[in-house]
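A.B. asks: Just the structure for this:
(2 chains, ligands or ions: 2)
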Amino acid sequence: MKFDTPATTNPIDRGRVIGIPHDRIDGAAKVTGTAPYAYERHDAAPNAAYGWIVGSAIAKGRINAMDLRAAEAAPGVLGIVTHQNAGPLGKGNMNTAHLLGGPQIEHYEQAVALVIADTLENARDAARLVRIDYAPDQGRFNLAAERDKGVPPEGGFGGPADTKAGDFEAGFAKAAVKIDQHYTTPDQSHAMMEPHATIAAWNGDKLTLWTSNQMIAWSVGEMAATLKIPKENIRLVSPYIGGGFGAKLFLRADALLAALGARMVGRPVKVAIARPQIPNNTTHRPATIQRIRIGADRQGVIDAIAHEVWSGDLPGGGAETAAQQTRLLYRGPNRLTTHRLSTLDLPEGNAMRAPGEAVGLLALEVAMDELAEACGVDPVELRIRNDVQYDPEAGPQRPFSSRKLVECLREGAERFGWNRRNPKPGQVRDGRWLVGMGVASAFRNNLVTKSGARIGVDAKGHVTVETDMTDIGTGSYTIIGQTAAEMLGVPLDAVTVRLGDSRFPASSGSGGQWGGNSSTAGVYAAAMALRAKLAEKAGFPVDKALFEDGLVRLGNQSQPLGTLAGREGLWAEDSMDYGDLTKRYAQATFGAHFCEVGVDIDTAEVRVRRMGGAFAAGRILNPKSARSQVIGAMTMGVGAALMEELSVDTRFGFFVNHDMAEYLVPVHADIPHQDVLFIDELDDKSSPMKAKGVGELGICGAGAAVANAIYNATGVRLRDYPLTIDKILAASTGKRVA
Amino acid sequence: MRPFTYSRAASVEDAARTAASTQGARFIAGGTNLLDLMKLQIETPTHLIDVNHLGLDRIEPTAEGGLRIGALVRNTDLAADKAVRRDYAVLSRALLAGASGQLRNKATTGGNLLQRTRCPYFYDTRMPCNKRKPGSGCGALKGMSRSLAILGTSDACIAQHPSDMAVALRLLDAQVDTVGADGGRRSIPIADFHLLPGETPHIENALKPGELITSVTLPKPLGGTHVYRKVRDRTSYAFALVSVAAVFEKDGRARFAFGGIGAKPWRTDAADAAAPSGAAAVAEAALSGARPTAHNAFKQQLTARTLASLYRQKGA
Ligand SMILES: Cc1cc2nc3c(=O)[nH]c(=O)nc-3n(C[C@H](O)[C@H](O)[C@H](O)COP(=O)(O)OP(=O)(O)OC[C@H]3O[C@@H](n4cnc5c(N)ncnc54)[C@H](O)[C@@H]3O)c2cc1C
Ligand code: SF4
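C.D. replies: Ligands and ions are numbered 1, 2, ... in the order given. The predicted structure follows:
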């Protein structure tokens, strides 16, 4: 099915199951521990041996020699995979560094061996007996030092490296009010709960991988390219995933080494990347340096805006496209965005929840706060004044499919009690706390992508959906079940959803907040095909037939679905593909974040006291799981604002704080009540679901609202994330914080 | 983790004797620190002696009017104990500021005193670290040292002592009671229990080979107002950047002990003596001799500010 004209009224609009808050249909299994995760699939792959990854001790250089004798002689050891015995390997397009390193070393903790033994303990112990002689090279580990060598990046999800409209320099030069500031954001780790993990088993030349992966079809292709075997010989199974945030978009070392290990020892092998290995072995969100210049009139109306971004990655890697939102969020005829990419020999940078916007808004929305103050305009009002209903780079001929930023700002401000904010910083005290409020716009592009599904109904009228879509904790199972139920007129508990298996039709997968809308649109397409088959069996014209209460109805005639399906059952398969609506219309999701913080007047400890957000993201398919996504992302925004940072040791070239005791993310005590409002919106140009993505929107701007609240509380303006106690103290010169 | 053998001690004397006579033996209490370090092969004992079943889990009054806390009393139980909450509230507060509920349920009094540093270079066995591998150098000194100590350090090691409980014990002048390999008993004042790194940062305490902690004894209650203030990068479940344990008297006298800034739980007579002069004077006295790095120099200001906050709240 092709979606190339705006949606009209369709079965989803009935809204009997879709749009209603539902508990997750997989929730009970998950909270009772009966949903097996990849590493626990003993049922499917009995007698698995254990693999332990040996990571490189240097960041750059070569392996001169490996001495495996002691490790091989250790108790229980079955085999050791290294570059010397792995055979010729290809490489997928999506990982930058090789997943099995050697003799060349591309980054610290790059996997250089897999030690396989009968128990986890034996494998881990023997891994320490692998002796490696390295010849280290000088690497580049300092973004600030490499910044000026940056070049425009090629490819990637973020569109062109640079964009221009009007004449930024001229516009900025004559602006009455100017903001010109630098901002920095650090490297960050996904810190999802479940580590990367895989069990691999070979049956002849056929490989099965029980793994934890967001993108089934991509990863089958990447594995085929790496092992140089046909895709058809690979089955990848990933029905339950304990979080990913982008860390599991791609094939990683656990899957490749489990496959190589299982081939070596002739039995299933399981491999997890240990928690302290994750930050340096896998991907992370790259650090950025950003410069923002805004020229406006005295009322704060923007005439010129420029956003320049510098980031670094391994040779052949990609840039952090942090200027993305600046291309679309605010008005102004004179515009400039640039991205420059430097070569760094740190571990691989790649996508983490809302790549681009998550860190771009940490800069842009603080710059807007600075502009509001410079103009003496309320920060909410400033954003409203700069709203634009079309792509400001392309002009009015490219309108937004739907854009309710102003509604989010207005309704969000009202609910939050924004009018109680004192615009003068450092004025409000509550005991030992200085109290302040901040606002930031939320923006995240809406991506749509082809997605397929198969749907069937059996003799009892029970519906089953199969697609290789993944549920990374987001609630995919439930919205897919809701979509099928709505389309076929059955209750949610009459639907079984099967996900995450490469034997099922290829889906959008989970990433870039495209999965919810795209995968349900694929189910919509398959369900339309099944409705046609059912109507035909019933002898009803499909466009007149009503699907409700488990029946197909025409006037006062009706037939149960199960009867029509018969003993064989009835199945249909289709996918949703997209035309050029994303070119003709700018498509994005919007919101407004509000935050109140307290800052200790002596110690500069920051406590978030309240958060509120209003969001417009098309049809909200399941308000309960959508809210969970948004509050989770807001929490991650608090992390980005206040604590998350992978500290780089620029001598050894690695992230020093590589475990969960040292890499801090928010805990419950950091997060107060979060109020979430979804603004009514249907986006008929996005998909027949009229939905958009919502999984990443909540992180976009959340951290900037925290930063702006800290400024309002204290008068201390920080532009170097995370905003830790030491930085606040350094910026507040007096005896107290404000 | 290296393979190891395991036994249960029959008595405290047996535990100490076995530990002294078995090469590579260690006691295991809650295991919350030791097992993590064994998995990373930072600790590689060949034999573990379980001391959990020796009746060392009691809290009882002493003849002198103090309190004897068994070495195996769990942090959770100690923090909740009625006498502790009434007479030694600073200890209860320090305990509750540490780790997480789950960890405190396992962690013991003796194990907490002996927990090892959280220096990130200590935790990565590919990095130089004099404490983990004597003579290999200090990775942190010119590296990421934001969390590390500014007082009592040496050129060989700038690691901080991470315990919260031990800071309160230092404030309260606790004694660490032990039994030695020869069955002899002694009490070590807490001030002498932890050692400064000097040239030998791998030697961290005054215990002799095989010596087992049996209890920690608190002297008579001090009275006064007990506070424990822990400043960290998130609200809960993080080690201190700076912590201050204090007991304030009505007449302006007070005593202080500090966490997060010292190579051991930090306390000076000069700081206590400065109490009537106010927070700034206490900070100056406490921080005398500080040797910060560029990364952790802020701990000086933060210590002063934390003291100022305590004085402000006391006044309020
Ligand atoms: C994630 C995390 C966060 C933490 N956060 C904090 C925090 O914020 N504040 C804080 O103070 N602590 C914190 N801790 C540390 C925690 O308090 C310690 O791990 C715990 O107190 C150790 O006690 P245990 O009984 O488990 O010791 P074990 O791990 O069993 O033993 C530790 C050491 O003491 C020795 N030992 C144990 N008992 C005796 C004895 N009776 N006599 C002689 N030797 C003995 C052992 O041989 C071993 O060397 C944290 C720990 C973790 C894992
Ligand atoms: S500070 Fe101490 S523990 Fe840390 S690396 Fe240096 S010697 Fe090791």
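
A.B. asks: ok so B:Gly110 is a helix residue?
C.D. replies: Yes. Assessed with DSSP: H, G, I helix; E, B strand; the rest coil, B:Gly110 lies in a helix.

A.B. asks: List the contacts of the helix or strand of chain B with the lowest mean pLDDT.
C.D. replies: The weakest-scoring helix or strand in chain B, judged by mean pLDDT, DSSP states H and E, is helix B:298-315 (a mean of 94). Contacts made with helix B:298-315 from outside it, assessed by Cβ atoms under 8 Å, 6 or more residues apart in numbering or on different chains, are listed as A:432, A:600-604, A:725-726, A:729-730, A:735, B:150, B:225, B:227, B:229, B:231, B:241-244, B:246, B:248, B:256, B:258, B:260-261, B:278-280, B:282-284, B:286-287, B:290, B:292. All C-beta spots, glycine's among them, are computed from the backbone N, C-alpha and C.

A.B. asks: chain center to it: distance?
C.D. replies: The chain centre lies 21 Å from the centre of helix B:298-315; the measure is Cα atoms, centre = their mean, to the nearest Å.

A.B. asks: do the same with stretch B:160-172
C.D. replies: 4 Å.

A.B. asks: Does that stretch reach ligand 1?
C.D. replies: Yes. Counting by Cβ under 6 Å from any ligand atom, ligand 1 has neighbours in stretch B:160-172: B:162-165.

A.B. asks: Where neighbours are concerned, which of the residues you listed has the most?
C.D. replies: Counting neighbours by other Cβ atoms under 10 Å in any protein chain shown, B:Met165 leads the residues of stretch B:160-172 next to ligand 1 with 30 neighbours.

A.B. asks: one step back: now do the buried residues in the least confident helix or strand of chain B.
C.D. replies: Within helix B:298-315, the residues that count as buried by 16 or more other Cβ atoms under 10 Å in any protein chain shown are B:298-311.

A.B. asks: Please save the CA atoms from that helix in PDB.
C.D. replies: C-alpha atoms of helix B:298-315 as PDB (Å, rounded to 0.1, in the frame of the first residue of the first chain):
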ATOM      1  CA  PHE B 298      36.200  23.000  43.800                       C
ATOM      2  CA  LYS B 299      35.900  20.600  46.800                       C
ATOM      3  CA  GLN B 300      37.600  23.300  49.000                       C
ATOM      4  CA  GLN B 301      34.900  25.800  48.200                       C
ATOM      5  CA  LEU B 302      32.200  23.200  48.400                       C
ATOM      6  CA  THR B 303      33.400  22.100  51.800                       C
ATOM      7  CA  ALA B 304      33.200  25.700  53.000                       C
ATOM      8  CA  ARG B 305      29.800  26.100  51.500                       C
ATOM      9  CA  THR B 306      28.500  22.900  53.000                       C
ATOM     10  CA  LEU B 307      29.700  24.100  56.400                       C
ATOM     11  CA  ALA B 308      28.000  27.500  55.800                       C
ATOM     12  CA  SER B 309      24.800  25.700  55.000                       C
ATOM     13  CA  LEU B 310      25.000  23.700  58.200                       C
ATOM     14  CA  TYR B 311      25.600  26.900  60.200                       C
ATOM     15  CA  ARG B 312      22.800  28.600  58.400                       C
ATOM     16  CA  GLN B 313      20.300  25.800  59.100                       C
ATOM     17  CA  LYS B 314      21.500  25.600  62.700                       C
ATOM     18  CA  GLY B 315      20.700  29.300  63.100                       C
END
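
A.B. asks: The residue in the stretch 601-738 of chain A positioned nearest to ligand 2: neighbouring residues, count only.
C.D. replies: Residue nearest to ligand 2 within the stretch 601-738 of chain A (Cβ to the nearest ligand atom): A:Val656, separated by 10.4 Å. If you count neighbours by other Cβ under 10 Å, A:Val656 ends up with 25.

A.B. asks: swap in the one 3 residues further on?
C.D. replies: Counted by other Cβ under 10 Å, the residues lying close to A:Asp659 total 17.

A.B. asks: so what's it closest to, chain neighbours aside?
C.D. replies: Leaving aside its sequence neighbours, A:Asp659 sits nearest to A:Pro276 (Cβ to Cβ, 6 or more residues apart in numbering or on different chains; 4.5 Å).

A.B. asks: how near is the one you found to B:Phe4?
C.D. replies: A:Pro276 is 21 Å from B:Phe4, where distance means Cβ to Cβ, to the nearest Å.

A.B. asks: Can you tell me the closest non-neighbouring residue to the residue in the stretch 201-316 of chain B positioned nearest to ligand 2?
C.D. replies: Nearest residue of the stretch 201-316 of chain B to ligand 2: B:Pro201, at 5.2 Å (Cβ to the nearest ligand atom). Among residues not flanking B:Pro201 along the chain, B:Cys157 sits closest, at 3.3 Å (Cβ to Cβ, 6+ apart).

A.B. asks: Next up, the contacts around the one you found.
C.D. replies: Taking Cβ under 8 Å, 6+ apart, one finds B:130-131, B:138, B:197, B:201, B:263 in contact with B:Cys157.

A.B. asks: cool, and A:Gly171?
C.D. replies: Per Cβ under 8 Å, 6+ apart, neighbours of A:Gly171: A:295, A:303-304, A:332-334.

A.B. asks: Next: B:Glu43.
C.D. replies: Neighbouring residues of B:Glu43 by Cβ under 8 Å, 6+ apart: B:26, B:34, B:37.

A.B. asks: do the same with B:Ala15
C.D. replies: Applying Cβ under 8 Å, 6+ apart to B:Ala15 gives the contacts B:9, B:27, B:49, B:51, B:54, B:179, B:212.

A.B. asks: Surely the last one and B:Thr18 touch.
C.D. replies: No. Taking Cβ atoms under 8 Å as the contact criterion, B:Leu212 and B:Thr18 are not neighbours in contact, 9.9 Å apart.

A.B. asks: Provide a list of residues in contact with the residue in the stretch 351-500 of chain A positioned nearest to ligand 1.
C.D. replies: Closest approach between the stretch 351-500 of chain A and ligand 1, counting by Cβ to the nearest ligand atom: A:Arg432, at 22.1 Å. Counting by Cβ under 8 Å, 6+ apart, A:Arg432 touches A:600-602, B:309, B:312-313.

A.B. asks: want to throw those into JSON lines with distance to ligand 2?
C.D. replies: Shown next, in JSON lines, are those (distance: Cβ to the nearest ligand atom, whole Å):
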{"residue": "A:Asp600", "distance to ligand 2": "29"}
{"residue": "A:Ile601", "distance to ligand 2": "33"}
{"residue": "A:Asp602", "distance to ligand 2": "28"}
{"residue": "B:Ser309", "distance to ligand 2": "28"}
{"residue": "B:Arg312", "distance to ligand 2": "33"}
{"residue": "B:Gln313", "distance to ligand 2": "33"}
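
A.B. asks: residues from chain B in reach of ligand 2?
C.D. replies: Counting by Cβ under 6 Å from any ligand atom, the positions of chain B adjacent to ligand 2 are B:117, B:119, B:121-122, B:129-131, B:138-140, B:148, B:157-159, B:201.

A.B. asks: Okay, now the unreliable bits of the chain?
C.D. replies: I went with chain A, as the question did not name one. Along chain A, segments meeting pLDDT under 70 span A:156-157.

A.B. asks: Oops, wrong one, chain B.
C.D. replies: Ranges of chain B meeting pLDDT under 70: B:316.

A.B. asks: Can you show me the strands along it?
C.D. replies: With DSSP state E as the criterion, chain B has strands at B:5-8, B:25-28, B:47-50, B:59-61, B:67-70, B:175-179, B:185-189, B:212-218, B:225-231, B:242-248, B:254-259.

A.B. asks: so of those strands, which one's packed in deepest?
C.D. replies: Most buried of those by mean neighbour count (mean count of other Cβ atoms under 10 Å in any protein chain shown) is strand B:254-259; its value is a mean of 27.
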